[in-house]
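> What would the 3D arrangement of this be:
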Amino acid sequence: MMQAGNGDTAKVHYTARLENGRVISTTKGRLPLEIRIGSGTRILGLEQGIIGMEIGETRTIRVPPEQGFGPKWKELMVEVDRSELPDSVTPTVGKRLQVRKEGGNLVDVTIADIDEHTVTLDANHPLAGETLTFDIQLVGLS
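Reported below is the predicted structural model:
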């Protein structure tokens with residue numbers, strides 16, 4: 001039987017969970033995810049976890065932050081004065097915003113903390129620093 005390897009396109013059904021068990025993504029009820037193994041376009045730990053699997057096989061893999069969405073960088077957290085937020089924005093922890101950097105690029109941020117005078121914006125990926133668990137089933141290989 002053929003095993004998944006670098007350069008193969010794998011079709012997988014998966015459920016991804018955080019360490020607390022909360023499901024963050026799944027293909028249940030949808031088409032399987034296509035991953036070109038070794039392309040680096042998907043989560044590295046997920047790509048590597050598929051290597052050696054055979055069609056029909058299931059596997060549970062743990063993906064540490066370094067092979068997932070990276071560590072949480074303190075340098076990507078910035079405290080701003082509440083007055084810098086537009087009047088149309090009511091600051092609430094967890095709210096996602098886009099801010100314009102010097103040079104004009106837009107950056108997605110999450111409001112991480114609020115106090116009387118300041119708001120802490122976090123430009124890390126929302127899943128940075130998280131260990132992810134994937135339950136995967138290889139359903140196709142080409």
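> how close does His117 sit to Thr60?
46 Å (C-beta to C-beta, to the nearest Å). C-beta here means a position set from N, CA and C on the backbone, and glycine is covered the same way.
> which intervals of the protein have sub-threshold pLDDT?
By pLDDT under 70, the chain has no low-scoring segment.
> Do a quick rundown of the strands in it.
9-17, 23-26, 33-36, 58-63, 77-81, 96-100, 106-114, 118-122, 132-141 (DSSP state E).
> closest one to Gly45 among those strands?
strand 58-63 (3.2 Å; C-beta to C-beta).
> picking that back up, using CSV, lay out the strands of the chain together with distance to Gly52.
Converted to CSV, the strands of the chain look like this (distance: least, C-beta to C-beta, whole Å):
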stretch, distance to Gly52
strand 9-17, 11
strand 23-26, 23
strand 33-36, 14
strand 58-63, 9
strand 77-81, 39
strand 96-100, 37
strand 106-114, 35
strand 118-122, 37
strand 132-141, 10
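> Tell me the bridge partners for the nearest residue to Val93 once chain neighbours are set aside.
Among residues not flanking Val93 along the chain, Ile111 sits closest, at 5.6 Å (C-beta to C-beta, 6 or more residues apart in numbering). Counting by DSSP bridges, Ile111 is bridged to Leu121.
> from what I can see Ile111 touches Thr90, true?
No. In this structure, Ile111 is not within contact of Thr90 by C-beta atoms under 8 Å, at 10.0 Å.
> Those two - which one has more neighbours?
Each of Ile111 and Thr90 has its neighbours counted (other C-beta atoms under 10 Å); Ile111 has more, 18 against 7.
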